[in-house]
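Q: Starting from these lines, generate the structure:
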Amino acid sequence: MQTAHFAHWPPGLPRHLTLPQTNLFYNVEVAAKRYPDKPFIIFYDTVVTYEQFKREAEKIAGYLQHDCGVRKGDRVLLFMQNSPQWIMAYYGILRADAVVVPVNPMNRLDEVRHYVEDSGATVAIVGQELLAHVQPHVRASRSAEGGLVHLVVAAYSDWLRSRTDLGVPDVVKVPALPLAGTGVVSWTTAVARAREPTATTVGPDDLCVLPYTSGTTGKPKGCVHTHRSVMRTAVGTGPWFKYTQDSVMLAVLPFFHVTGMASGMNAPLFTGSSIVVLTRWDRDVALACIERYRVTDWVAITTMVIDFLANPDLRKADLSSLAGVRGGGAAMPAALYDKLKSLTGLDYVEGYGLSETMAATHTNPPHRPKRQCLGIPTLDVDSRIIDPDTLRELPPGETGEIVLHGAQVMKEYWRQPEATMKSFIEIDGKRFFRSGDLGHIDDEGYFFMTDRLKRMINASGFKVWPAEVESTMYQHPAVQEVCVIGARDARRGETVKALIVLRPELRGQVTDTDIIAWCQDHMAAYKVPRLVEFVDALPKSASGKVMWRELQEQQTPV
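A: Numbering: from 1, shown residues only. Here you go, the predicted structure:
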């Protein structure tokens with residue numbers, strides 16, 4: 001284990017973190033007892049206190065147990081955009097002793113099917129604007145096998161209860177729409193039942209959250225997280241960044257993603273902080289909220305910061321409350337570092353984490369960050385650089401695979417024993433997760449990303465796995481062969497590009513616009529190729545495999 005980074009450890013912070021031996025919902029009970037009337041969620045000027053939040057989450061838990069038959073360990077899909085109901089549903093599912101399956105609200109009908117089938121969920125909590133992508137997965141009859149049985153449908157406007165001059169997204173303004181269909185009930189109806197949940201029986205080693213991540217096989221895999229692994233990032237974030245019960249977080253990253261989940265929701269709740277929740281990123285609304293609510297901390301992806309700093313009203317704004325801006329996903333351009341520093345006096349503090357690790361395993365020390373750097377291993381994390389072939393640990397300066405050991409590392413991939421076995425190795429008697437990312441350590445113990453072993457595209461912080469996109473595109477009747485690669489993009493960092501060999505009989509009849517439009521109907525927006533190039537053939541190796549890396553290396557910045 002390398003120790004050079006301890007010389008740059010945050011001042012006054014111990015190196016070890018003792019974790020609570022409780023389930024995650026206990027954090028809600030503690031916060032509501034300590035700060036019952038304190039704002040937990042601020043949603044376009046509507047305030048939800050800790051006590052209000054606890055009561056509504058418990059009512060959802062009771063409904064899930066008594067009306068939907070949810071039992072300990074059952075998986076429940078959570079398919080909504082950022083809103084008070086998303087957070088209430090998350091903790092309501094946990095209070096019901098069940099497991100949260102967060103689903104990206106950008107996913108379409110065909111993509112949602114995999115989450116339903118793979119997780120075995122029979123219940124979903126869904127935003128009303130997404131109902132069309134879920135309802136077809138409801139069982140034809142109760143006696144049928146597989147599929148959903150119960151849907152709880154939320155209208156975000158139900159928690160838009162105060163007058164506001166903020167720019168509220170249209171999706172939030174829509175009133176609750178009429179519902180029809182077997183097993184479908186509105187959020188307000190479920191809450192109105194006022195069911196009392198049974199006594200909780202889950203502990204730190206029971207299943208908690210099942211976020212999905214994709215990979216080279218093309219199908220998303222569930223990352224099995226226990227209450228202990230989720231608790232680790234909930235508890236560890238506050239001390240590192242000096243959060244207190246009087247901190248105010250701007251929660252703009254999507255909660256379905258582990259970074260938004262851990263930093264924007266779980267960590268603030270543990271410390272008793274307030275969170276200002278936006279359903280959609282809007283630089284003007286974000287700026288107004290920072291001033292209005294004296295936001296102290298903001299976690300953002302690079303593209304958000306770029307957009308925020310381009311706001312012409314920024315120099316007139318009062319940003320004095322901000323004590324920290326941090327994030328990751330894609331490297332921040334040097335000029336943007338300088339602009340943020342000149343406007344706020346703050347450094348952009350980058351970190352590194354994965355769905356398999358419930359967000360950050362590495363973070364820059366706030367008092368001594370380095371630019372375009374993953375940071376140093378956080379509390380109790382042992383991270384090393386190894387030769388990916390020999391598994392030998394490498395010294396500082398040499399490039400190898402980043403491996404990780406810590407309490408926040410997932411237990412396994414859901415029902416994927418072979419993938420689990422390939423993803424873990426043992427070093428010095430410890431179980432390490434193989435990240436698939438290539439990096440190196442400098443002489444001060446800071447980690448830097450070099451490349452990826454895995455074939456992955458990082459588009460504005462969203463991970464896009466080419467095999468998954470290709471698998472969907474092969475369903476298009478005109479596609480004979482396709483190779484998806486990453487192309488350089490000045491704004492997104494990388495963008496998705498598809499090189500396609502069309503079926504001979506359809507050449508000249510299909511345009512790149514046709515392909516892109518079809519993809520928009522069949523996959524999440526961030527996965528859709530923004531560039532399509534038709535080619536006569538794809539380069540192949542002697543074994544017949546498409547040489548995607550050769551195509552990747554031919555790309556020039558766009």
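Q: Would you quantify the distance from the residue nearest to Val171 when sequence neighbours are not counted to Val174?
A: Counting by Cβ to Cβ, 6 or more residues apart in numbering, Val171 lies nearest to Glu129, which is 5.4 Å off, once chain neighbours are set aside. The C-beta positions use only the backbone N, C-alpha and C, and glycine is treated the same way. Between Glu129 and Val174 the distance is 7 Å, computed by Cβ to Cβ, to the nearest Å.
Q: If you count surrounding residues, which of these two has more?
A: Glu129 (19 against 15; other Cβ atoms under 10 Å).
Q: Please list all residues in contact with the closest residue in space to Gly264 that isn't next to it in sequence.
A: Closest residue to Gly264 apart from its sequence neighbours, by Cβ to Cβ, 6+ apart: Ala251 at 3.7 Å. Shown in contact with Ala251 (Cβ atoms under 8 Å, 6 or more residues apart in numbering): 82, 260, 264-265, 268, 275-278, 299.
Q: Can you list which of these are found in strands?
A: Among the contacts of Ala251, DSSP state E puts 275-277, 299 in strands.
Q: Would you format the residues you listed as CSV with pLDDT, neighbour count and distance to His137 included?
A: Shown next, in CSV, are those (pLDDT from 0 to 100; neighbours: other Cβ atoms under 10 Å; distance: Cβ to Cβ, whole Å):
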residue, pLDDT, neighbour count, distance to His137
Ile275, 98, 25, 31
Val276, 98, 25, 34
Val277, 98, 25, 28
Val299, 96, 27, 32
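Q: will you turn these into TSV that also has distance to Glu356?
A: Formatted as TSV, the ones in strands among the contacts of Ala251 follow (distance: Cβ to Cβ, whole Å):
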residue	distance to Glu356
Ile275	25
Val276	29
Val277	26
Val299	19
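Q: how far is the helix ranked longest in the chain from where the chain is centred?
A: Using DSSP state H, we find that the single longest helix of the chain is helix 50-66. Its chain's C-alpha centre and that of helix 50-66 lie 24 Å apart, by Cα atoms, centre = their mean, to the nearest Å.
Q: Can you report the mean pLDDT over the residues of stretch 242-251?
A: What stretch 242-251 shows for mean pLDDT is 97.
Q: Buried residues, that stretch. List them.
A: 242-243, 247-251 (16 or more other Cβ atoms under 10 Å).
Q: now for that stretch, what's the gap between its first and last residues?
A: Criterion Cα to Cα, to the nearest Å; first-to-last residue distance in stretch 242-251 is 17 Å.
Q: chain center to it: distance?
A: From the chain centre to the centre of stretch 242-251 is a distance of 20 Å (Cα atoms, centre = their mean).
Q: likewise stretch 506-514?
A: That offset, for stretch 506-514, works out to 35 Å (Cα atoms, centre = their mean).
Q: Next: stretch 307-317.
A: 27 Å.
Q: Go through it and flag the buried ones.
A: Buried-residue list, stretch 307-317, by 16+ other Cβ under 10 Å: 308-309.
Q: what about the residue most central in space within the chain, distance to Thr271?
A: Geometric centre of the chain, nearest residue: His257, 1.1 Å, by Cα atoms, centre = their mean. Between His257 and Thr271 the computed distance is 21 Å (Cβ to Cβ).
Q: Kindly report the same for Tyr90.
A: For Tyr90, the distance to Thr271 - Cβ to Cβ - is 17 Å.
Q: Comparing those two, which shows the higher neighbour count?
A: Comparing Tyr90 with Thr271 by other Cβ under 10 Å, the one with more neighbours is Tyr90, at 26 against 21.
Q: can you give me phi and psi for that one?
A: phi -60, psi -50 (degrees, to the nearest 10).
Q: Spatially, what comes nearest to it if we skip its sequence neighbours?
A: Using Cβ to Cβ, 6+ apart, the nearest residue to Tyr90 is Val100, at 5.5 Å.
Q: How is the one you found assigned, secondary-structure-wise?
A: Using DSSP: H, G, I helix; E, B strand; the rest coil, the structure places Val100 in strand.
Q: I'd guessed it sits against Val76; true?
A: Yes - the criterion here is Cβ atoms under 8 Å, and Val100 meets it with Val76 at 6.5 Å.
Q: Name all residues that sit in contact with these two at the same time.
A: Common neighbours of Val100 and Val76 (Cβ under 8 Å, 6+ apart) are Ile93.
Q: picking that back up, okay, buried residues for the longest helix of the chain please.
A: In helix 50-66, counting by 16+ other Cβ under 10 Å, buried: 50-54, 56-65.
Q: same check, this time on stretch 27-38
A: Applying 16+ other Cβ under 10 Å to stretch 27-38 flags 27-32, 35, 38 as buried.
Q: So what touches that stretch?
A: Residues outside stretch 27-38 that contact it (Cβ under 8 Å, 6+ apart): 40, 49-51, 53-54, 57, 91, 95, 234, 245, 266, 269-270, 272, 274.
Q: now, which of those residues sits nearest Ser186?
A: Ala57 (16.9 Å; Cβ to Cβ).
Q: could you check the distance from that closest one over to Ile41?
A: 11 Å.
Q: what do you get for Ser471?
A: 38 Å.
Q: More neighbours: the two, which one.
A: Shown here are Ser471 and Ile41; by other Cβ under 10 Å, Ile41 has more neighbours (25 against 17).
Q: So which elements touch the helix or strand where Thr472 lies?
A: Assigned by DSSP states H and E, Thr472 falls within helix 466-473. Here helix 466-473 touches strand 479-489, strand 493-502, helix 512-522, going by 3 or more Cβ pairs under 8 Å, 6 or more residues apart in numbering; DSSP states H and E.
Q: how about the ones you listed in JSON lines, adding mean pLDDT?
A: Converted to JSON lines, the helices and strands packed on helix 466-473 look like this (pLDDT from 0 to 100):
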{"stretch": "strand 479-489", "mean pLDDT": "89"}
{"stretch": "strand 493-502", "mean pLDDT": "92"}
{"stretch": "helix 512-522", "mean pLDDT": "95"}
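Q: so which of these gets nearest Met547?
A: Ranking these by proximity to Met547 (Cβ to Cβ) places strand 479-489 first, at 8.7 Å.
Q: Next, the angle from that closest one to strand 493-502.
A: Angle of strand 479-489 versus strand 493-502, following axes from the mean of the first three to the mean of the last three Cα atoms, to 10 degrees, is 160 degrees.
Q: same for strand 479-489, what does it pack against?
A: strand 457-459, helix 466-473, strand 493-502, helix 548-553.
Q: Show me the domain layout of the chain.
A: 45-202, 457-553 (automatic domain parsing).
Q: about what we covered before: quick check, nearest of the buried residues of stretch 27-38 to Asp380?
A: Using Cβ to Cβ, the buried residues of stretch 27-38 come closest to Asp380 at Asn27, 19.3 Å.
Q: ok but the closest one is inside a strand, no?
A: No - per three-state DSSP, Asn27 lies outside any strand segment and is helix.
Q: From Val171, how far off is it?
A: 29 Å.
Q: now swap in Ala288 and tell me
A: Relative to Val171, and taking Cβ to Cβ, Ala288 is found at 19 Å.
Q: Mean confidence (pLDDT) on stretch 529-548, please.
A: On average, stretch 529-548 scores 82.
Q: Identify all contacting residues around that stretch.
A: Contacts of stretch 529-548 (Cβ under 8 Å, 6+ apart): 455, 466, 469, 481, 483-485, 487, 489, 495-502, 507, 512, 515-516, 519, 550-551, 558.
Q: wait, Leu77 sits on His114?
A: No - counting by Cβ under 8 Å, His114 is not a contact partner of Leu77; they are 11.3 Å apart.
Q: Look at those two and report which has more neighbours.
A: Neighbour totals were compared for Leu77 and His114, and Leu77 leads with 26 against 15 (other Cβ under 10 Å).
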